[in-house]
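Visitor: model this:
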Amino acid sequence: MNLPTMAEVLSAEERQAVLDYTTGCFLLPAHSPHGPEHWQRVSHNGLLLAETTGANRRVIELFAFFHDSCRENDGWDIEHGPKGAELALTYHAEGLLPASDAEVDLLVIACRGHTVERTHADATIATCWDADRLDLPRVGITVDPAYLCTDAAKDATVIREAEARALASR
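Guide: Below you'll find the model as predicted:
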């Protein structure tokens, strides 16, 4: 297991500032299946997967908080990922996003593609997408390992534990 360096993880203060920002921009009710509770589970899933995949933990957490932050509804909203990416870029342009330019590039790709792309060669982007997909049981969708990118996410125990967390939220 790779231990994260301080540069790879958000501090508690950074995490809270980003969460406050994205929550403040979120238009749907707080209890939305795409809202802050989902973001926390995506972060949890991603950080667990990163222990195996070697993904950048900072990008994982930022993805969790931005990827669904610009949803306009809980149904089909194909533009929410690109809008979440733009929100992250705006926050970065204001000097508030705790990430390097390279991390922002990964974050933007992950947000833009999370609903329309199948897989990605970059371990961090693939881990972001898997972290989100592992939380699908919250909306009644069974996780299909064929739609996961990383071997770590395809592990039956990982899927079962993520499903339990997702279902506990319903």
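
Visitor: which element is the residue most central in space within the chain on?
Guide: Nearest residue to the geometric centre of the chain (C-alpha atoms, centre = their mean): residue 64, 2.7 Å. Assigned by DSSP states H and E, residue 64 belongs to helix 57-66.

Visitor: Now do stretch 54-72: distance from first to last residue.
Guide: One end of stretch 54-72 sits 33 Å from the other (C-alpha to C-alpha, to the nearest Å).

Visitor: Same check on stretch 146-155?
Guide: 11 Å.

Visitor: Name the residues that touch that stretch?
Guide: Taking contacts as C-beta atoms under 8 Å, 6 or more residues apart in numbering, the residues outside stretch 146-155 that touch it are 49, 52-53, 118-120, 123, 126-127, 129-131, 133-134, 145, 158-159. Where you see a C-beta, it was placed from the backbone N, CA and C, and this is true even at glycine.

Visitor: Tell me where this protein has helices.
Guide: Here the chain has its helices, by DSSP state H, at 12-25, 36-53, 57-66, 80-93, 101-113, 123-133, 151-154, 156-168.

Visitor: Just the buried residues of the shortest one, please?
Guide: By that I understand helix 151-154. Along helix 151-154, these residues count as buried under the neighbour rule (16 or more other C-beta atoms under 10 Å): 152-154.

Visitor: ok, so of those, who is nearest residue 167?
Guide: Residue 167 has its nearest neighbour among these in residue 153, at 17.4 Å by C-beta to C-beta.

Visitor: Now do the closest one against residue 131, distance only.
Guide: 8 Å (C-beta to C-beta, to the nearest Å).

Visitor: which residues are common contacts for these two?
Guide: With C-beta under 8 Å, 6+ apart, residue 153 and residue 131 have common neighbours residue 49.

Visitor: isn't residue 18 right next to residue 98, touching?
Guide: Yes: in this structure residue 18 lies within contact range of residue 98 using C-beta atoms under 8 Å: 7.3 Å.

Visitor: Can you tell me what sits against stretch 55-63?
Guide: Against stretch 55-63 from outside (C-beta under 8 Å, 6+ apart): 4, 7-10, 15, 18, 42-43, 46-47, 49-50, 88, 97-99, 103, 106-107, 110-111, 114, 123-124, 126-128, 131-132.
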